[in-house]
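Colleague: 3D model of this:
(one chain, ligands or ions: 1)
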Amino acid sequence: KKGGYPHYMLKEIHEQPDALHNTITPRVKNGMLDFKEDGIADDVFTDINRVIIIGCGTAMHAGLIGKVMFEKLLRIPVTVEIASEFRYNDPILDKNTLVITISQSGETADTLAALRLSKEAGCKTLSIVNVKGSSIARESDYVFYTHAGPEIAVASTKAYMVQLSSIYMIAFKFAMLRGTISKETCEDYLKQLQDTINAVATTIDLDKQIEKISECLTSVEDLFFIGRGLDYPLSCEGSIKLKEISYIHSEAYAAGELKHGTLSLVTDDVPVIALATQEKVYSKMISNIREVRARGAMVILITNGEMPVDDDLCAHHIVLPKTDDQFAPFTAAVVLQLIAYYTSVHRGLNVDQPRNLAKSVTVE
Ligand code: F6R
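Modeller: Numbering: from 1, shown residues only. The predicted structure is shown next:
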């Protein structure tokens, strides 16, 4: 059943290139994105002046990446909401708001309630869902299905990956329709997204290196993930993944925020997983890493392709296959998944079924 893998999680990590292929390819016609079979009309974003992305846990973290990409490409303000907060906070909603709910199962109780509330308030609704015919899919105006196939491990991996690809495709297509990017740029981005599938496969091949590096996390109690730009929401995802299956306490921090509080927790040998995939803020990130190094942190550095790195900057350096920076979340996510996976394995824990957690949270 596990296809020769010791755990479903590892199997599902390895299935990511296929999941991406199955999610992207049916939407590409003659080198251009086509959502006709999804029943998603070209005018979905017409009259929309605000987008709210809603989800829980990992799905919400995909939404945080979505905010950066949507605002960058579509130039529409986007907020990301935790479903269980949104629904009780008396949100301001109207017919010019597009609400995008993201859910693997399509049954998460809080996300479903947030969707219903948005519909009652007259918002347009679009959902990104993996399970066909699920409640969230049935009740949304538009559904963009991800094609990850069944995800068994409690820790979400391939579902997150295809949620990202869906967000990117939606951003590319509607940015082109809105005229905020050209047709040529849209085609170019789509091609790069397709090329990312191979880059994800190449990143999975780093698993022996990551298995070895993860040994140094076996007996730690706290650690930090830091990043800037797209690397910050990605840090949030790295942190939740590690927490849920390795039971190590971790926090994700926007690297520039460290000195506003958390730096006091960084002392000798505290592990810091530093994501530095974004060229635009690379030198800022390096300064932040120097700050934690000066306090004795044990740094695991992740860069997009080979980058110049001083000898004493990090204990370990993981080099992602080079992609354009905006696609680095796909490859970096694989590394974070593998770190969580191997740390859990080294600690002898139940990787696929961590304590206290359920795959589908259908009650509040
Ligand atoms: C973490 C994880 C959870 C889910 C969350 C939402 O690895 O799997 O955080 O992402 O419970 O579930 P769905 O996507 O089914 O709404």
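
Colleague: tell me the centre residue of the protein?
Modeller: residue 62 (3.9 Å; CA atoms, centre = their mean).

Colleague: And stretch 289-301, how far out from the chain middle?
Modeller: The gap between where stretch 289-301 is centred and where its chain is centred comes out at 25 Å by CA atoms, centre = their mean, to the nearest Å.

Colleague: Other residues contacting that stretch?
Modeller: Defining contact as CB atoms under 8 Å, 6 or more residues apart in numbering, one finds that stretch 289-301 is touched by 213, 216, 224, 226, 255, 258-259, 263, 266-274, 276, 309, 312-318, 339. (Each C-beta comes from the backbone N, C-alpha and C, glycine too.)

Colleague: Which of these fall within strands?
Modeller: Taking DSSP state E as the definition of strands, those contribute 224, 226, 271-274, 276, 316-318.

Colleague: Among the residues you listed, which one lies nearest to the ligand?
Modeller: Proximity of the ones in strands among the contacts of stretch 289-301 to the ligand was ranked by CB to the nearest ligand atom; the top entry is residue 273 with 17.0 Å.

Colleague: tell me the contacts of that closest one?
Modeller: By CB under 8 Å, 6+ apart, the residues touching residue 273 are 223-226, 235, 238, 299-300, 302, 336, 339.

Colleague: And the buried ones among those residues, selectable in ChimeraX?
Modeller: Written as a ChimeraX command, the selection of buried residues from those, which uses 16 or more other CB atoms under 10 Å, is:
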select :223,224,225,226,235,238,299,300,302,336,339
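
Colleague: Among the contacts of residue 273, give me the pair with the biggest separation.
Modeller: The largest separation in the contacts of residue 273, counting by CB to CB, is between 299 and 336 at 15.1 Å.

Colleague: distance of residue 16 from the ligand?
Modeller: Residue 16 sits 14 Å away from the ligand, taking CB to the nearest ligand atom, to the nearest Å as the criterion.

Colleague: Residue 20 too?
Modeller: Applying CB to the nearest ligand atom, the value for residue 20 to the ligand is 17 Å.

Colleague: Leaving aside the residues adjacent along the chain, what's closest to whichever residue of the chain sits closest to the ligand?
Modeller: Across the chain, the shortest distance to the ligand (CB to the nearest ligand atom) belongs to residue 57, at 1.9 Å. Using CB to CB, 6 or more residues apart in numbering and skipping residues adjacent in sequence, the residue nearest residue 57 is residue 240, 6.3 Å away.

Colleague: Next: residue 183.
Modeller: Residue nearest to residue 183 in three dimensions, not counting chain neighbours: residue 176, with 5.8 Å by CB to CB, 6+ apart.

Colleague: So which bits of the helix or strand the one you found falls within are buried?
Modeller: Take DSSP states H and E as the rule and residue 176 turns out to sit in helix 158-178. Along helix 158-178, the positions that meet the burial threshold by neighbour count (16+ other CB under 10 Å) are 158-177.

Colleague: Please list the residues of the stretch 51-200 of the chain that sit near the ligand.
Modeller: On the criterion CB under 6 Å from any ligand atom, the ligand has as its neighbours in the stretch 51-200 of the chain the residues 56-59, 103-105, 108, 111, 155-156.

Colleague: Return the subset of these lying in helices.
Modeller: For these, membership in helices holds for 57-59, 111, with DSSP state H as the criterion.

Colleague: got a markdown table for these, with neighbour count too?
Modeller: Output for these, formatted as a markdown table (neighbours: other CB atoms under 10 Å):
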| residue | neighbour count |
| --- | --- |
| 57 | 22 |
| 58 | 21 |
| 59 | 25 |
| 111 | 30 |
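
Colleague: out of these, who's nearest residue 1?
Modeller: With CB to CB as the yardstick, the closest approach to residue 1 among these comes from residue 58, at 23.2 Å.

Colleague: Could you tell me the per-residue confidence at residue 1?
Modeller: Model confidence at residue 1, expressed as pLDDT, equals 79.

Colleague: So which residues of the stretch 1-150 of the chain form strands?
Modeller: Listed from the start of the chain, the stretch 1-150 of the chain has strands (DSSP state E, counting those that start in this stretch) covering 28-29, 32-33, 50-55, 78-82, 97-103, 124-129, 142-145.

Colleague: buried sites along stretch 107-126?
Modeller: Applying a neighbour-count criterion of 16+ other CB under 10 Å, one finds 107-115, 117-119, 123-126 buried in stretch 107-126.

Colleague: no no, stretch 242-253
Modeller: In terms of neighbour count (16+ other CB under 10 Å), stretch 242-253 has its buried residues at 242-246, 248, 250, 252-253.

Colleague: How about residues contacting it?
Modeller: Counting by CB under 8 Å, 6+ apart, stretch 242-253 makes contact with 9, 154-155, 217, 220-227, 232, 235-236, 238-239, 262, 336, 339-341, 343-344, 347, 349, 351, 354-355, 357, all of which sit outside it.

Colleague: Now intersect the residues you listed with the helices, please.
Modeller: If you go by DSSP H, these have 9, 232, 235-236, 238-239, 336, 339-341, 343-344 in helices.

Colleague: hmm, back to that, turn the residues of the stretch 51-200 of the chain next to the ligand into a markdown table, including pLDDT.
Modeller: As requested, those are exported to a markdown table (pLDDT from 0 to 100):
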| residue | pLDDT |
| --- | --- |
| 56 | 98 |
| 57 | 97 |
| 58 | 98 |
| 59 | 98 |
| 103 | 98 |
| 104 | 98 |
| 105 | 97 |
| 108 | 97 |
| 111 | 98 |
| 155 | 97 |
| 156 | 98 |
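
Colleague: Identify the farthest-apart pair in those residues.
Modeller: So for those, where distance means CB to CB, the most widely separated pair is 111 and 155, at 18.1 Å.

Colleague: Alright, calling it a day.
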